[in-house]
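Peer 1: quick check, what structure comes out for this input:
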Amino acid sequence: MSIEVPMTVPDGLRPLVEAVSVLKAEDPAAGERPPLVHLPDPGTSLIFRTSRAGHSDLLVIGPRTRASYHVGKELPFCLRLRLRPGVTRPLLGVPVSEFVDRVVPLGDLWGASCEPLIAALRHADGDHGLVLRHLAAALPARIPAARISADGVRRELVQAAVRALRGRTGARREPVPALARHLAVSERHLRGLFADAVGLSPKRYERIERVRNALALGRADGRWADLATATGYYDQSHMTAEFRTLMGVTPAAFFQGRLPALQPC
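Peer 2: You can find the predicted model right below:
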């Protein structure tokens with residue numbers, strides 16, 4: 001499987017980016033390349049990657065509602081910037097709902113103005129620090145200061161809702177109507193804001209976060225009732241059903257490495 005190695009977010013990117021990581025494949029065993037597993041993820045990311053053939057891509061990875069499993073491949077360079085909730089729409093210019101379960105080249109959104117950035121990233125020749133400096137110069141410039149200020153209230157509301165839905169591992173989340181009342185907005189307004197700024201309904205966002213908590217605390221010892229309790233499910237059967245829906249296999253199968261059939265990436 002692929003692993004993420006966290007990096008420090010540069011100061012110039014902190015208003016837009018909540019996490020930076022380098023994606024690497026795990027070391028192959030017995031000469032076999034491990035599978036590439038894309039987990040469900042409610043966030044939107046930018047990824048810059050290069051292939052062995054020297055091809056480069058700057059991609060928008062939208063919210064992923066289900067896991068996908070692919071034949072492993074080697075990417076010499078793959079850097080991920082996870083965008084903060086609420087900044088994707090002003091940065092990219094379209095509702096996040098248009099990116100759900102999609103991968104879109106950034107050039108399709110920015111047009112020819114994206115070409116100098118891609119060229120600069122390609123010429124960075126795998127230098128993570130230089131790639132980040134180019135991105136720190138280019139991304140904030142796409143959002144005028146006036147737009148950042150005007151969108152501030154909406155962005156803060158989205159981020160407050162996201163924090164509440166992420167909750168704490170093992171804690172029951174607030175129901176959506178209660179969350180809307182707490183944020184002093186209507187439930188309809190909250191759902192519309194989420195669709196535009198996050199790309200998902202609050203309910204779907206919560207389901208994905210809960211499965212990700214189960215993955216983070218996962219275990220192969222068969223104590224699934226304990227895992228269900230620790231991650232906020234009603235019971236083991238609730239966790240198993242939701243896990244199978246989003247991951248394609250049961251928790252036992254996943255943690256034992258019995259994955260669905262691999263597909264080309």
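
Peer 1: packing partners of the one helix or strand Ser237 maps to?
Peer 2: According to DSSP states H and E, Ser237 maps onto helix 236-247. With contacts taken as 3 or more C-beta pairs under 8 Å, 6 or more residues apart in numbering; DSSP states H and E, helix 236-247 sits against helix 202-216, helix 224-230, helix 251-255. C-betas here are computed from N, CA, C, even on glycine.

Peer 1: hang on, Ile47 in a strand?
Peer 2: Yes: assigned with DSSP: H, G, I helix; E, B strand; the rest coil, Ile47 falls within a strand.

Peer 1: for it, what are its contacts?
Peer 2: Residues near Ile47 by C-beta atoms under 8 Å, 6 or more residues apart in numbering: Leu23, Asp57, Leu58, Leu59, Ile61, Cys78, Leu79, Arg80, Leu81.

Peer 1: what of Leu259?
Peer 2: Contacts of Leu259 by C-beta under 8 Å, 6+ apart are Pro35, Val37, Tyr69, Gly248, Val249, Ala253.

Peer 1: with neighbour count and pLDDT added, can I get those in a markdown table?
Peer 2: Output for those, formatted as a markdown table (neighbours: other C-beta atoms under 10 Å; pLDDT from 0 to 100):
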| residue | neighbour count | pLDDT |
| --- | --- | --- |
| Pro35 | 18 | 83 |
| Val37 | 17 | 89 |
| Tyr69 | 18 | 93 |
| Gly248 | 16 | 96 |
| Val249 | 16 | 96 |
| Ala253 | 15 | 93 |
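
Peer 1: which one among these gets closest to Gly129?
Peer 2: Of all the contacts of Leu259, Gly129 sits closest to Val37, with 28.1 Å by C-beta to C-beta.

Peer 1: the host helix or strand of the closest one pairs with which strands, parallel or anti?
Peer 2: Here Val37, judged by DSSP H and E, is contained in strand 36-38. Paired strands of strand 36-38, with direction, are strand 68-70 (antiparallel) (DSSP bridges).

Peer 1: pull the residues that contact the lengthiest strand in the chain.
Peer 2: Identified as the longest strand of the chain according to DSSP state E is strand 17-25. With contact meaning C-beta under 8 Å, 6+ apart, strand 17-25 is reached by 1-10, 13, 33-34, 36, 47, 49, 72-75, 78-84, 128, 132, 139.

Peer 1: can you give me the buried ones in it?
Peer 2: Across strand 17-25, burial judged by 16 or more other C-beta atoms under 10 Å covers Val17, Val20, Ser21, Leu23, Ala25.

Peer 1: also stretch 94-103?
Peer 2: Val96, Ser97, Phe99, Val100.

Peer 1: just checking the distance from that stretch to the centre of its chain.
Peer 2: Here stretch 94-103 is found 12 Å from its chain centre; the criterion is C-alpha atoms, centre = their mean, to the nearest Å.

Peer 1: what of stretch 96-110?
Peer 2: Per C-alpha atoms, centre = their mean, the displacement of stretch 96-110 from the mean C-alpha position of its chain is 13 Å.

Peer 1: what's the span of that stretch, first residue to last?
Peer 2: Start to finish, the residues bounding stretch 96-110 are 15 Å apart (C-alpha to C-alpha, to the nearest Å).

Peer 1: likewise for stretch 98-113?
Peer 2: 21 Å.

Peer 1: quick one: average pLDDT of stretch 38-54?
Peer 2: Average pLDDT, stretch 38-54: 89.

Peer 1: quick check: end-to-end length of stretch 9-20?
Peer 2: 6 Å.

Peer 1: for the chain, which segments count as helices?
Peer 2: Along the chain, the segments classed as helices by DSSP state H run 88-92, 106-110, 115-123, 128-138, 145-150, 152-166, 176-182, 187-197, 202-216, 224-230, 236-247, 251-255.

Peer 1: so where's the stretch 101-250 of the chain shaky on pLDDT?
Peer 2: 145-150, 167-174, 220 (pLDDT under 70).

Peer 1: cheers, nothing more for now.
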